[in-house]
Each structure stands twice: as structure tokens, then as C-alpha cells.
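Asks: here is the input, now give the coordinates:
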Amino acid sequence: MEVVLTVFALLFLLFVALGAYATVKAVGAAKRGVDRTIAQARRTVEDHTLRAKSFAQTGPAGEIAQLRLALRTSMRATQDALHAGAAEDESLKESLGLFERLSAHGHELDADLKRLESEPDRATLTARLPELRGRTERITKSADSLRWAVRDRARRFADDDLGTLSAQIDIEADALRHWTRAEPGQAPSPWPDAPATADGQAAEQTWPKATGARAAEEPAPEAIAPPSWRPTAPWQKKPRPESTT
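Replies: Here you go, the predicted model:
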């Protein structure tokens, strides 16, 4: 009885532990989902704010907003393209590593631009703009180049697969219409066996010859020769009719 109670107690503890583990995993997944939603909403709000500032403000402040918007848009598009391609192409892992290094420079530049948005000294902003513009162009150019390379690679694979599929479909269509043409490599019909003779051995097989060949091989019939004189034997002489007198 004590053994049964111990087994039930262990099973109860096991179920409780499994339930706690499942609860923790579910809470963690829900928390990560909420964090992703909040981060995405924050990015969306910030992008709309930057777009509004780039149109509403003029001068260095408006240009800084434009630089931040261009940087964030380019980096986010490249990140999405790389993650989508890496799920199907293992060779993009090195490209992901390069993008992570580029992202470090992008985050640093975005932080610098964000700090300068609240800079009251317009002269300082004007002096820093050429350097910030050059950094932004270098980072976005590298990100765009990587993104378009990934897209071209995916399109090339799609074109190759479509070409192979079209060739296979053409072959299958020709095979389905096999009655419209002679099958390549079809073996000729076998020769008939020679008839067997009375003693069980195969007789010599003969085949009808062509008309032209038979006419060429057979000798021409001889012309009719005129009758010639031949000696007549005594017994071949016509007997005389007996006299009736």
C-alpha cells in the first residue's frame, strides 16, 4: 500500500512540475510576443514622427530627420530580406554576420542623429551635417547592395527552377502524346523463326527477294531455236500401211 501511495505521489509531483514548466514557457512566449508588439509599435510611431519632422521642419533639424528615416528604412528592409532568405539558403549565414557588423555602425549613427535632434546650436548642426550625411550614405549603400544581392540570388534560383520544371513538363507532354511520333530507340521487329523439318532440325530460312534483284540474278530465257535434223532410228520409221489387196 505504501508503494502505491509513493507512486501516486511521484506522479502528482511530476504532473505539477510539467504544469509549472508549461506555464513558465507560455508566460515567456506571451511576454516575448508582447515585447515584439510593443517594439514594433514604437518603431512605427517613431518612423511616422521622423517622416512628419522631415516634411514639417526645415534646415539642419529636418535633414537630420531625413537621414534617420533613410537609415532605419534601409537597415530594416535588408534585415528582413536576409532573415527571409537565410531560412531557405544556408549560404546566407556569412551575409548575416556581415550585416550584424554593419548594424552596429548603423545603431551608433542612429544614436548620434537622435542626440543631435535636440541640439539647440544650429551652427554645430550645420558643421556636423556633411560628416553625418557621408556616414549615412556609406551605411545605406552597403545595406542596399547586400539586400539587392540577396534578392537577385533568390530570383536566379527561382528562374533556374522554373526552367528545369518547364523542360520536365515538355518531356512529360511529349510522352503523353506518344502516338504522334515514333518512339526513339524502338527495336525493329524480330525475324520469324525458320520452319522445322520432319527430323526436328530447322530448315534453311529463305526470304522472298525483291523483284529487281530477282530479275537481275535469274538468267534470261533462251530464244526458241529452229528445229534441226536428227537421224531417225529404224524403229522410229513410220510403218507402211498394209495393203488390202
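
Asks: quick one: the helices in the chain?
Replies: Under the criterion DSSP state H, the chain contains helices at 2-56, 60-86, 93-117, 122-176, 211-217.

Asks: can you give me every residue that contacts residue 3?
Replies: Listed by CB atoms under 8 Å, 6 or more residues apart in numbering, residue 3 has no contact partners. Heads up, the C-betas are built off the backbone N, CA and C, glycines and all.

Asks: for residue 14, see how far away it is.
Replies: Per CB to CB, to the nearest Å, residue 3 is found 16 Å from residue 14.

Asks: repeat for residue 5
Replies: On the measure of CB to CB, residue 5 and residue 14 end up 15 Å apart.

Asks: can you check residue 128 too?
Replies: Separation of residue 128 from residue 14 (CB to CB) stands at 63 Å.

Asks: more crowded one of the two?
Replies: residue 128 (17 against 10; other CB atoms under 10 Å).

Asks: the more buried one contacts residue 115, correct?
Replies: No. Assessed by CB atoms under 8 Å, residue 128 is found out of contact with residue 115, at 10.6 Å.

Asks: can you list the low-confidence ranges for the chain?
Replies: 1, 31-36, 38-43, 45, 47-48, 53-57, 181-245 (pLDDT under 70).

Asks: can you rerun that using 90?
Replies: Scanning the chain for pLDDT under 90 picks out 1-66, 68, 81, 83-97, 112-129, 150-165, 167, 170, 172-245.

Asks: residue 101 is in contact with residue 143, correct?
Replies: No. Using CB under 8 Å, residue 143 makes no contact with residue 101, being 11.6 Å away.

Asks: those two: who's more crowded?
Replies: Taking other CB under 10 Å, residue 143 and residue 101 do not tie; residue 143 has more neighbours (24 against 10).

Asks: what about the nearest residue to that one once chain neighbours are set aside, neighbour count?
Replies: Distances taken as CB to CB, 6 or more residues apart in numbering place residue 78 nearest to residue 143, at 4.3 Å, with adjacent residues excluded. Other residues within reach of residue 78, judged by other CB under 10 Å, total 24.
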